[in-house]
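Novice: Fold the stuff below for me.
(one chain, ligands or ions: 1)
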Amino acid sequence: MLPSRLMMVLGALLLLAAAPAPAQSLPGVAAAATRLGVDPRVIEDLVVANRILAHEGVLDAYGHVSIRHPTRPNHYLIARSVAAEFVTPDDIVEFDLDSNLVTPGESKEFIERFIHGEIYKARPDLDAVIHSHSASVIPFSVSTVPLRPVFHMAAFLASGVPVWDSGSAGDPDAQGILVRNPALGASLATTLGKGVAVLLRGHGAVVVSRELRVAVRNAIWLEANARAQLAAIQLGGQIKYISADEARAMLALRGDPERAWDYWKRRALGPK
Ligand SMILES: [Zn+2]
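Specialist: Reported below is the predicted structural model:
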């Protein structure tokens, strides 16, 4: 082989080695992307978010995650009513912000989809909403002890986590604790305010972000922080929480959402 030819082959091999691995694609992603008018990666990420949150114990048979539609900001994408662990691209459907289904065909909808529609209405800055029944946060939703950051990865909680009480929200249907109508969703959005998370008394939590990856990360760390704070309280003595200055320094670093996402994605889907 001539040296120049050898160099070309070596060069091609080097380029191949440097090229990013092709994105892992779940079956049905392309069809769902066409059906909903989005990039396939949007569908892939939303399905993966469901799987991650299930695998990490944030969502179980109930709870949901949505994203604002990338090109129709008055719509959002969410799975039909199915456990997060089993969500597939075919399950993703589209709602308007009044939480009316706009995807053609039949779909069983989440009762509490109004959480998503009303928060997207109130917060144009947000693109991702997660509602969980994250078990360890429940004590803080029924107690006067506020959820506060006790470890550095939960620094985003330093701005405070309000508690919303469905019983004081003026529910026109008076049907209990679920966010089952727009008025309750709007009331919840008001309590969330400009925050990043809100607890629902005797029910669970909502975590929001501009980025799906950050919302997923924060939902996992919200649960972890609640566990750690409960453990610290059980130890007795005085708790030294993450201070406002320490939180600011952590948040300035921002971290690397891709690294955490890849880690949890591999754990949920397995390295393929
Ligand atoms: Zn719920």
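
Novice: C-alpha only now, for contacts and for neighbours.
Specialist: Will do.

Novice: Show me where this protein dips below the pLDDT cut-off.
Specialist: Filtered on pLDDT under 70, the chain yields the residue ranges 1-24, 106, 171-175, 271-272.

Novice: quick one: the strands in the stretch 1-150 of the chain?
Specialist: Taking DSSP state E, counting those that start in this stretch as the criterion, the stretch 1-150 of the chain contains strands spanning 64-68, 75-79, 92-96, 128-132.

Novice: In the chain, where's the longest helix?
Specialist: Among the elements of the chain assigned as helix by DSSP state H, the one spanning the most residues is helix 212-235.

Novice: Show me what that one is packed against.
Specialist: The helices and strands touching helix 212-235, judged by 3 or more CA pairs under 8 Å, 6 or more residues apart in numbering; DSSP states H and E, are helix 40-55, strand 128-132, strand 204-209, helix 257-269.

Novice: what is the orientation angle of the last one with helix 212-235?
Specialist: Taking axes from the mean of the first three to the mean of the last three CA atoms, to 10 degrees, helix 257-269 and helix 212-235 form an angle of 80 degrees between their directions.

Novice: how about helix 257-269: buried residues?
Specialist: Burial within helix 257-269, assessed by neighbour count using 16 or more other CA atoms under 10 Å, is assigned to 257, 261, 264-265, 268.

Novice: again, but for the longest one
Specialist: Along helix 40-55, these residues count as buried under the neighbour rule (16+ other CA under 10 Å): 40, 42-55.

Novice: same question, stretch 156-163
Specialist: Of the residues in stretch 156-163, those scored as buried under the neighbour-count criterion (16+ other CA under 10 Å) are 156-159, 161-163.

Novice: Ok, stretch 105-116 next?
Specialist: With burial defined by 16+ other CA under 10 Å, the residues of stretch 105-116 counted as buried are 109-110, 112-116.

Novice: That stretch: end-to-end distance?
Specialist: The distance separating the two terminal residues of stretch 105-116, taken as CA to CA, to the nearest Å, comes to 21 Å.

Novice: one step back: so which of the helices and strands packed on helix 212-235 comes closest to Arg148?
Specialist: Comparing the helices and strands packed on helix 212-235 against Arg148 with CA to CA, the closest turns out to be strand 204-209 (14.1 Å).
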